[in-house]
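*Asks:* need a structure here:
(one chain, ligands or ions: 2)
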Amino acid sequence: MNTLRIAGGQVLRPDATVEDADVLVDRDEGTILDIGADLDADADETLDAAGCLVTPGLVNAHCHVAMTLLRGYADDKPLDAWLREDIWPAEGALTPEDVRAGAELGLVEMIKSGTTAFADMYFHVPEIAAAVEEAGLRARLGHGVVTLGKDDADARADIDESLDVAREFDGAADGRIRTAAMPHSLTTVAEEYLREFVADAHDEGIPVHYHANETTDEVDPIVDERGERPLAYAKELGMLTGDDFLAHGVHVDDAEIDLLADAGTGVVHCPASNMKLASGMAPVQKLLDAGVTVGLGTDGAASNNDLDMFDEMRDAAMLGKLAADDASAVAAPDVVRMATAGAADLAVVDLDAPHLAPANDLVSHLAYAARGSDVRHTVCDGRVLMRDREVLTLDEDAAMARAREAIASLRERV
Ligand SMILES: CSC[C@H]1O[C@@H](n2cnc3c(O)ncnc32)[C@H](O)[C@@H]1O
Ligand SMILES: [Zn+2]
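*Replies:* Ligands and ions are numbered 1, 2, ... in the order given. I've put the predicted structure just below:
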């Protein structure tokens, strides 16, 4: 058997307890064989974890990874103006090569900050899949559909592309890539298309991921035109099932929270994006209390402006308390669970830093004090993606250079 030993550190258990232990990984299967004292000194490869905390890899459950190219391109505007005035015109000029460059830069950033799995909605998905294959992470990828402003033929072509991408790439990269059908939102895809798109996806067992209830500007027109809340509309369209997951869920009322809990639909909370675009404060503690599965996402780097899930944990805890007007809401173990639940991989966090001393409570440190740059090693599917802060699967300098070139050329075109 081909094994990897992570030796001499402390290990965060799923029940949020911490113990001194080694971790032994089957490199072929990508599974954890054992956690305990003094494991197999003859392992094929050893990572030193002395003074470190071994945690599950972080899961970024809503992202647009290639938007690293647009980091700092347009800031300090609300969602609608930001998308229409700046982001969509720029995205209209992005080539497949640009998206590949942005994706590689984002993947380097993720690996460096301990993220091992992410969900992504964008276009030119084959380029993103190729970058994920090379980088070694896990991803759930989808082509985002917008029908607003398109004629019928173009709208249908966009939907067909989303379904084709979901079929073609599911199981790619040795099973590390899974897919979803991704209508952009309940307002940017017209009802007639949503109804068919979602039914076709579900008929083939493809889950659906979309933005919902992000801003009042998005919620109010649905309520005005239909006389019902957005998630009641989503339920009618068949978009609230246990396999589906939506991003944001900022402006949800109690009845909508019950709909989510009853359906088992997941919500990806994106606190940094919600604060930056002034979208609002999601009622995360209420969602948790109702039994809704809540994950964490960065959204794109243009509305965040980084892909650091440690930032996201801290933001989620802080904003969750403010939203609930309760300092005990969205506590450290809650955000660590949101960022790591279901993770199959590992991040090794170096605790030897002034901002992490003294080690009173390591779960608290993960949620409130650690930074992406504290990650020393990243392991996904049994493979070491970063060792001693050196990314092994992608060329970090080349990724930065390509992204700089891509944005310089884009600026000339737009
Ligand atoms: C059609 S591909 C995905 C699409 O989503 C845009 N986007 C980025 N961030 C957000 C957000 O917070 N809400 C809604 N849409 C967003 C991205 O720029 C792409 O155009
Ligand atoms: Zn988004």
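*Asks:* leaving out chain neighbours, which residue sits closest to the residue of the stretch 301-414 of the chain found nearest ligand 1?
*Replies:* Nearest residue of the stretch 301-414 of the chain to ligand 1: residue 303, at 5.3 Å (C-beta to the nearest ligand atom). (Each C-beta comes from the backbone N, C-alpha and C, glycine too.) The shortest distance from residue 303 to any residue other than its chain neighbours is 4.3 Å, reached at residue 273 (C-beta to C-beta, 6 or more residues apart in numbering).
*Asks:* give me the mean pLDDT for the helix or strand harbouring the one you found.
*Replies:* If you go by DSSP states H and E, residue 273 is part of helix 271-276. Here helix 271-276 scores 98 as its mean pLDDT.
*Asks:* which bits of the stretch 251-400 of the chain sit near ligand 1?
*Replies:* Contact residues, the stretch 251-400 of the chain versus ligand 1 (C-beta under 6 Å from any ligand atom): 273, 299-300, 303.
*Asks:* nope, the stretch 101-250 of the chain is what I was after
*Replies:* Residues of the stretch 101-250 of the chain found near ligand 1 (C-beta under 6 Å from any ligand atom) are 121-123, 144, 146, 184, 211, 214.
*Asks:* count of neighbours near residue 181?
*Replies:* Residues near residue 181, counting by other C-beta atoms under 10 Å, number 27.
*Asks:* got the contact list for it?
*Replies:* Residue 181 sits next to 142, 145, 162-163, 166, 197-198, 200-201, 206-209 when contact means C-beta atoms under 8 Å, 6 or more residues apart in numbering.
*Asks:* cool, and residue 331?
*Replies:* residue 317.
*Asks:* one more: residue 3?
*Replies:* 24-27, 33, 40, 43-45.
*Asks:* cool, residue 112 as well?
*Replies:* 372-373, 375, 378, 386, 389, 391, 396.
*Asks:* just the buried ones among the residues you listed, please.
*Replies:* 372, 375, 378, 386, 391, 396 (16 or more other C-beta atoms under 10 Å).
*Asks:* could you tell me which of the residues you listed belong to strands?
*Replies:* 375, 378, 386, 391 (DSSP state E).
*Asks:* in JSON lines: those, plus distance to residue 248.
*Replies:* Shown next, in JSON lines, are those (distance: C-beta to C-beta, whole Å):
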{"residue": "375", "distance to residue 248": "27"}
{"residue": "378", "distance to residue 248": "27"}
{"residue": "386", "distance to residue 248": "30"}
{"residue": "391", "distance to residue 248": "30"}
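*Asks:* in this structure, what residue is nearest ligand 1?
*Replies:* Counting by C-beta to the nearest ligand atom, the chain gets nearest to ligand 1 through residue 144 (2.6 Å).
*Asks:* ok, now how distant is the spatially closest residue to residue 255 that is not a sequence neighbour from residue 137?
*Replies:* Closest residue to residue 255 apart from its sequence neighbours, by C-beta to C-beta, 6+ apart: residue 229 at 6.8 Å. As judged by C-beta to C-beta, to the nearest Å, residue 229 and residue 137 stand 36 Å apart.
*Asks:* do the same with residue 13
*Replies:* Distance of residue 13 to residue 137, computed by C-beta to C-beta: 23 Å.
*Asks:* go on, residue 320?
*Replies:* Going from residue 320 to residue 137 by C-beta to C-beta gives 27 Å.
*Asks:* re earlier: the residue of the stretch 301-414 of the chain closest to ligand 1 contacts residue 279, correct?
*Replies:* No. The pair residue 303 / residue 279 is not scored as a contact, 9.2 Å apart, by C-beta atoms under 8 Å.
*Asks:* common neighbours of those two, please.
*Replies:* With contacts defined as C-beta under 8 Å, 6+ apart, the residues shared by residue 303 and residue 279 are 79, 273.
*Asks:* CA atoms only for the helix or strand where residue 140 lies - export them in PDB, please.
*Replies:* Remark: residue 140 resides in strand 138-145, with elements defined by DSSP H and E. The C-alpha trace of strand 138-145 is given here as PDB (Å, rounded to 0.1, in the frame of the first residue of the first chain):
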ATOM      1  CA  ARG A 138     -12.200  18.500  -5.900                       C
ATOM      2  CA  ALA A 139     -14.900  20.600  -7.500                       C
ATOM      3  CA  ARG A 140     -18.600  20.700  -8.400                       C
ATOM      4  CA  LEU A 141     -18.700  22.700 -11.600                       C
ATOM      5  CA  GLY A 142     -21.500  24.200 -13.600                       C
ATOM      6  CA  HIS A 143     -22.100  26.500 -16.600                       C
ATOM      7  CA  GLY A 144     -24.100  29.500 -15.300                       C
ATOM      8  CA  VAL A 145     -27.200  30.300 -17.400                       C
END
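*Asks:* how far off centre is it?
*Replies:* 11 Å (C-alpha atoms, centre = their mean, to the nearest Å).
*Asks:* partner strands of that strand, parallel or antiparallel?
*Replies:* Strand pairing for strand 138-145, using DSSP bridges, gives strand 115-122 (parallel), strand 177-179 (parallel), strand 182-183 (parallel).
*Asks:* tell me the most buried of those?
*Replies:* strand 182-183 (a mean of 30; mean count of other C-beta atoms under 10 Å).
*Asks:* so whatever helix or strand comes next after that strand versus strand 138-145, what angle?
*Replies:* The element immediately downstream of strand 182-183 (helix or strand, assigned by DSSP H and E) is helix 191-203. Orientation check (axes from the mean of the first three to the mean of the last three C-alpha atoms, to 10 degrees): helix 191-203 against strand 138-145 gives 150 degrees.
*Asks:* hang on, the earlier thing: between residue 229 and residue 137, who's got more neighbours?
*Replies:* Between residue 229 and residue 137, residue 137 has the larger neighbour count (other C-beta under 10 Å), namely 28 against 19.
*Asks:* which residues does the more buried one contact?
*Replies:* With C-beta under 8 Å, 6+ apart, residue 137 has these contacts: 107, 110-111, 115-118, 176, 380, 385.
*Asks:* in TSV, list those along with distance to residue 62.
*Replies:* Formatted as TSV, the contacts of residue 137 follow (distance: C-beta to C-beta, whole Å):
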residue	distance to residue 62
107	16
110	13
111	18
115	12
116	16
117	12
118	8
176	18
380	19
385	21
